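Q: Structure for this input, please:
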Amino acid sequence: MKKPKLLFTSILFLAGLILAGIVYAAYQHAGDADKDPATFLNVYPGKAGTKLDNCALCHTGGKETVNGKTTTYGSCQWCHKVYGYNASGDITSTLNDYGKAYKAAGRNEAALALIESLDSDGDGYSNIVEINANRYPGDSNDDPSKVVAPFRIYTKAQLAAMPQHKQFMLMNTTKSGDYYAEYSGVLMEYLLKRAGAAPDATQISAFAPDGYAQRHPMVDSSDNIGKSYAPFVIGPYPQATYFYNTEADKAKTSYGWCDYTSPGNVGRQNGDSILVKNGLRLILALKADGVDLVPGVLGPNNKLTEQSEGPFRVVSPQKVVGPPDQASTAGNQSVIWPYSSANDHNAGFATKCTTIVRVEPLPAGTTDIDTMEAGWGYIDQGKLVIYGALLGPQLIFPADGDMKVNWHPAFFKWKHSPGIERNAVVSYKLEYTKDAALKDWTSVMVKRDKKKPSDHFDPMVKDNIILTLEPNTKYWWRVTDLDENGGTTVSSIYSFTTKDKPPKKK
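A: Numbers count the residues shown, from 1 in each chain. Now for the predicted structure:
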């Protein structure tokens, strides 16, 4: 199957930090359908490469329930499912309210201008206001009042440069075939610390762009068992035992169900302990048996192809050590290890093609990333976004609640976020306000000068931000960073009160 071409976003750092760096895949269609993206960009050329340069501008996702199981699809997969790769379905049924308005108005440049004043999604903002703010005019959950949660973006090269953990392990599936493999990648615990996850984070959720998601509590607990079980982030898993039997070996019997072809199987005997340096852990895998994971590709059935699981996969070991059991769908269960629902089928918790990791809970006042739309671009780019409860720049002075702070001049000091190397910061935005409602902020951009790194950039040297404020006034301030990959985090908000104006000399 020919894979659709993709366009990717550029990194934008605007005053409002609107979804900078979040990648959305803009599928280009053949024939008549390709005119609509071109029409939109002719009218709004500044939106090329932004989140609006995407199918989700006019199309909506959908849900399908089969045999009691509900599957949620993003706009691209839903369109492929309803409209079909052969264009045999009804594409109008996939349109959101903005897409319907555009079609009804004539489906041309004049139509876009005609519907600018409408509020297609009924969220209280006109279409043009939302377009100007890089918000979807056809999605009522996406409007200019929403603030994107802090996030960091990592390239495959950056992840590969981090300490790598290798673990030979069983991947026990429910019905698709078990196998042993040596996965290697970054400890999830290390990665979250590197990203600056907040100490009070309770869990993460790993997302694949096809809609699959899996939660992982930060720590294990006594009630993390049974149907509510989810693999944990922090700490090692029980040491595994190697299980081998000729009957289970796919290469030895016609009804075998376990693949023992990984080089890591050589020399092992049934019952051997599997020794892993630093123990079995939850990892973000980059390789299996020393080979890069195959990037995810959608097959004709609108699902990931069997061999594609990359570029990254969250891999979880078994908490309850057990053998590779027969597939649940196999007719022959009179085997050495028949299927049992009580067994730990750890492969089912291992998110293929992980491109997004959410650290929870989300900070107050922030909104979620649309994980159904934002992930596909990262497959080809080989990138991962981590967002949510991430620490931002650490404010130093004025400290929270400080009184009698100098106002002419006023000095501001802060330290870079724990989730980023200092030299990876491109710029900061310092904001301050007298508005107790925290709505009307004054912004000062602080750009890094690589030739003069101490020139109003590094908060730990004497040249810091110097501003003139008003005397005897209460202020609030915060700092937002932008890193070299387009990721951004924001500090806490501190308040302080300036000194009185000194009396005039007689």
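
Q: so what's Cys58 up against?
A: Taking C-beta atoms under 8 Å, 6 or more residues apart in numbering, we find Cys58 in contact with 36, 95-96, 98-99, 102, 138. Backbone N, C-alpha and C define where each C-beta goes, glycine included.

Q: Need the pLDDT of it.
A: What the model reports as pLDDT for Cys58 is 91.

Q: Then Ala198?
A: We have a pLDDT of 94 for Ala198.

Q: now, which of the contacts of Cys58 sits nearest Gly382?
A: Nearest to Gly382 out of the contacts of Cys58 is Asp36 (C-beta to C-beta; 29.2 Å).

Q: list the contacts for that closest one?
A: 58, 102, 107.

Q: cool, Asp400 as well?
A: Applying C-beta under 8 Å, 6+ apart, the residues near Asp400 are 492, 494-496.

Q: Next one, pLDDT for it please.
A: Predicted confidence (pLDDT) for Asp400: 97.

Q: And the one 4 residues further on, by the same measure?
A: Lys404 carries a pLDDT value of 95.

Q: wouldn't it be in contact with Thr497 here?
A: Yes: between Lys404 and Thr497 there is a contact under C-beta atoms under 8 Å: 7.2 Å.

Q: Neighbours of the closest residue to Ala213 other than its chain neighbours, how many?
A: Distances taken as C-beta to C-beta, 6 or more residues apart in numbering place Phe207 nearest to Ala213, at 4.9 Å, with adjacent residues excluded. Neighbour count for Phe207, taken as other C-beta atoms under 10 Å: 23.

Q: any idea how far Phe207 is from Gly419?
A: 19 Å (C-beta to C-beta, to the nearest Å).

Q: Next: Thr202.
A: Separation of Thr202 from Gly419 (C-beta to C-beta) stands at 18 Å.

Q: for Ile356, same thing?
A: Ile356 is 16 Å from Gly419, by C-beta to C-beta.

Q: about what we covered before: will you turn the contacts of Asp400 into a markdown table that also has pLDDT and secondary structure?
A: Below are the contacts of Asp400 laid out as a markdown table (pLDDT from 0 to 100; DSSP: H, G, I helix; E, B strand; the rest coil):
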| residue | pLDDT | secondary structure |
| --- | --- | --- |
| Ser492 | 92 | coil |
| Tyr494 | 97 | strand |
| Ser495 | 98 | strand |
| Phe496 | 97 | strand |
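
Q: of those, closest to Gln326?
A: Ser492 (53.6 Å).

Q: Wait, that closest one touches Leu395, no?
A: Yes: counting by C-beta under 8 Å, Leu395 is a contact partner of Ser492 at 6.5 Å.

Q: quick revisit: going by distance to Pro238, which of the contacts of Asp36 wins?
A: Cys58 (50.3 Å).

Q: Surely Ser443 is in contact with Ser427?
A: No: taking contacts as C-beta under 8 Å, Ser443 lies outside contact range of Ser427: 11.6 Å.

Q: Neighbour count: these two, which is higher?
A: Comparing Ser443 with Ser427 by other C-beta under 10 Å, the one with more neighbours is Ser427, at 15 against 12.

Q: Tell me how far the more buried one lies from Ser341.
A: Applying C-beta to C-beta, the value for Ser427 to Ser341 is 53 Å.

Q: try Val148
A: Between Val148 and Ser341 the computed distance is 40 Å (C-beta to C-beta).

Q: Now do stretch 329-348, average pLDDT.
A: Computed over stretch 329-348, the mean pLDDT rounds to 95.

Q: For it, buried residues please.
A: Within stretch 329-348, the residues scored as buried using 16 or more other C-beta atoms under 10 Å are 335, 337, 339, 343-347.

Q: C-alpha coordinates for that stretch, CSV please?
A: Only the C-alpha atoms of stretch 329-348 are listed here, as CSV (Å, rounded to 0.1, in the frame of the first residue of the first chain):
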residue,chain,number,x,y,z
THR,A,329,-8.3,-18.3,19.6
ALA,A,330,-6.5,-21.6,19.1
GLY,A,331,-8.8,-24.6,18.8
ASN,A,332,-6.2,-27.0,20.4
GLN,A,333,-5.8,-26.1,24.0
SER,A,334,-4.6,-29.6,25.0
VAL,A,335,-1.0,-28.4,25.1
ILE,A,336,1.6,-27.9,27.8
TRP,A,337,0.7,-24.3,28.3
PRO,A,338,-2.9,-23.7,27.4
TYR,A,339,-4.3,-20.2,27.3
SER,A,340,-5.3,-18.8,30.6
SER,A,341,-6.9,-15.3,31.1
ALA,A,342,-5.1,-15.2,34.5
ASN,A,343,-1.7,-15.2,32.9
ASP,A,344,0.2,-12.0,32.5
HIS,A,345,-0.1,-11.1,28.8
ASN,A,346,2.4,-8.3,29.0
ALA,A,347,2.6,-7.7,25.3
GLY,A,348,-0.9,-6.3,25.4
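
Q: which residues are contacting it?
A: Applying C-beta under 8 Å, 6+ apart, the set of residues contacting stretch 329-348 is 170-176, 178, 231, 243, 245, 247-248, 255, 257, 316-328.

Q: Point out the ones among those residues that are inside strands.
A: 170-171, 178 (DSSP state E).

Q: any idea which of the residues you listed is closest to Ile115?
A: Among the ones in strands among the contacts of stretch 329-348, and counting by C-beta to C-beta, the member closest to Ile115 is Met171, at 50.3 Å.

Q: Name the SS class of the nearest residue to the closest one once chain neighbours are set aside, please.
A: Closest residue in space to Met171, ignoring its immediate chain neighbours: Ala347 at 4.2 Å, by C-beta to C-beta, 6+ apart. Judged by DSSP: H, G, I helix; E, B strand; the rest coil, the three-state class of Ala347 is helix.

Q: and what of the one 4 residues further on?
A: Classification of Thr351 by three-state DSSP places it in coil.

Q: next one: Pro37
A: helix.

Q: Test my guess that it contacts Leu52.
A: No: Pro37 lies out of contact with Leu52 (C-beta under 8 Å); the separation is 9.8 Å.

Q: Between those two, which has more neighbouring residues?
A: Leu52 (24 against 21).

Q: In this structure that one contacts Tyr136, no?
A: Yes: if you go by C-beta under 8 Å, Leu52 and Tyr136 touch, sitting 7.1 Å apart.

Q: who's more crowded, Lys404 and Thr497?
A: Set side by side, Lys404 and Thr497 show more neighbours around Thr497, with 17 against 11, by other C-beta under 10 Å.
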